[in-house]
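> Need a 3D model of the sequence below.
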Amino acid sequence: MDSNELDLWLSRGYFRMQQRLFTCPLVHFDDVFYSVHWLRIVLADVTYGKDQLRLFRINAPFTVTVGPFSLTEEVEALYRYYRNSITFDAPDTVESCLLDGARYTAFDTYSVEVRDENKLIAVGIFDKGFRSIAGIMNFYHPAYRKHSLGKYLMLQKMRYAQSQDKTYYYPGYLVNNYPKFDYKLFACEAATEVLDSATNIWHPFSWEAVKAQSAVIMHQNRQLISQATEF
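Numbering: from 1, shown residues only. Presented below is the predicted three-dimensional model:
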């Protein structure tokens, strides 16, 4: 996929799934429909607070490298450790998340690797566009949970994007009234924008904006929700 083309689709609220791009207005958890709200971070506006600086400090002994992604057994083994430790649904493997049997990738995929000496302890995968990057996966060894490596990977992706003079970092979406996705605001809420899917306009993030957009999305999809709940 051309890097400018990826930028365009990201700006319209699309995201990668395997070798395709998708978007959705709703997600369904525990028999309840929730509205989806796509986020991006304006890299020129990023500032770090005490929580972000703390993660840089406590993880300073680790080695961080960024480069073209390679799907290795070491990466898959780390993901297995991670997947066995979580309580929510996740892809079976890294391969199934990114390729699903495809021999070649349509995306320019990179990864952040974090090592404790020679031990791989965290991997963050992202795709590169011309002016942006899109976060795809973050996973880490459960023995290092206290280091908040998932959030640390977001910060490292953001730093890399800034070093490459990118404009935006797309971390994915959050869900109104479903806090499990709120961690995506950690990197820098003040520099985060939220997409109004009705107008394709990005606005400074606020919960007030999310709730207003949620009301519109739920209203627009009320027939779909009603039909789905009948089964």
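> What residues does the residue most central in space within the chain make contact with?
For the chain, the residue sitting closest to the mean C-alpha position, by Cα atoms, centre = their mean, is P171 at 3.4 Å. By Cβ atoms under 8 Å, 6 or more residues apart in numbering, the contact set of P171 is 39-41, 135, 154, 184, 187. (Glycine included, C-beta is placed from N, CA and C.)
> Quick check: mean pLDDT of the strand or helix carrying V66?
Here V66 sits within strand 63-68, counting by DSSP states H and E. For strand 63-68, the mean pLDDT works out to 98.
> in its sheet, what does that strand sit against?
Partners of strand 63-68 in the sheet, by DSSP bridges, are strand 109-116 (antiparallel).
> Show me how far the partner strand is from its chain's centre.
Computed by Cα atoms, centre = their mean, to the nearest Å, the chain-centroid distance of strand 109-116 equals 15 Å.
> Can you give me the neighbour number for the closest residue in space to L195 that isn't next to it in sequence?
Closest residue to L195 apart from its sequence neighbours, by Cβ to Cβ, 6 or more residues apart in numbering: W38 at 4.3 Å. Neighbours of W38 under the rule other Cβ atoms under 10 Å: 23.
> Numbering from 16 from now on, please.
With the count now opening at 16, the last piece we talked about shows up as W53.
> Thought D211 was touching W53, still the case?
No - the criterion here is Cβ atoms under 8 Å, and W53 misses it with D211 at 9.7 Å.
> returning to that earlier point: where neighbours are concerned, which of the contacts of P186 has the most?
I56 (29 neighbours).
> quick one: the residue nearest to the centre of the chain from A205, how far?
14 Å (Cβ to Cβ, to the nearest Å).
> Tell me how far L164 lies from I136.
L164 sits 7 Å away from I136, going by Cβ to Cβ.
> Redo the contacts of P186 as a markdown table? Include distance to F84, pLDDT and secondary structure.
Listed next are the contacts of P186 as a markdown table, based on distance: Cβ to Cβ, whole Å; pLDDT from 0 to 100; DSSP: H, G, I helix; E, B strand; the rest coil:
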| residue | distance to F84 | pLDDT | secondary structure |
| --- | --- | --- | --- |
| L54 | 22 | 98 | strand |
| R55 | 21 | 98 | strand |
| I56 | 21 | 98 | strand |
| G150 | 13 | 97 | strand |
| M169 | 17 | 98 | helix |
| K199 | 21 | 96 | helix |
| A202 | 20 | 96 | coil |
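> Select, from those, the two members most distant in space.
R55 and M169 (12.8 Å; Cβ to Cβ).
> With only the CA atoms kept, save the strand holding V81 in PDB.
Included here for strand 78-83 are C-alpha records, laid out as PDB according to Å, rounded to 0.1, in the frame of the first residue of the first chain:
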ATOM      1  CA  THR A  78      17.600  -1.500  25.400                       C
ATOM      2  CA  VAL A  79      15.100  -0.100  22.800                       C
ATOM      3  CA  THR A  80      15.500  -0.700  19.100                       C
ATOM      4  CA  VAL A  81      13.300   0.300  16.200                       C
ATOM      5  CA  GLY A  82      13.400  -1.200  12.700                       C
ATOM      6  CA  PRO A  83      11.600  -3.200  10.000                       C
END
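> Tell me the buried residues in it?
79, 81 (16 or more other Cβ atoms under 10 Å).
> Relative to the whole chain's centre, how far out is that strand?
That offset, for strand 78-83, works out to 18 Å (Cα atoms, centre = their mean).
> C-terminal to that strand, what's the next element?
helix 88-98.
> ok, and what's touching that following helix?
With contact meaning Cβ under 8 Å, 6+ apart, helix 88-98 is reached by 105, 107-110, 126, 135-138, 154-157.
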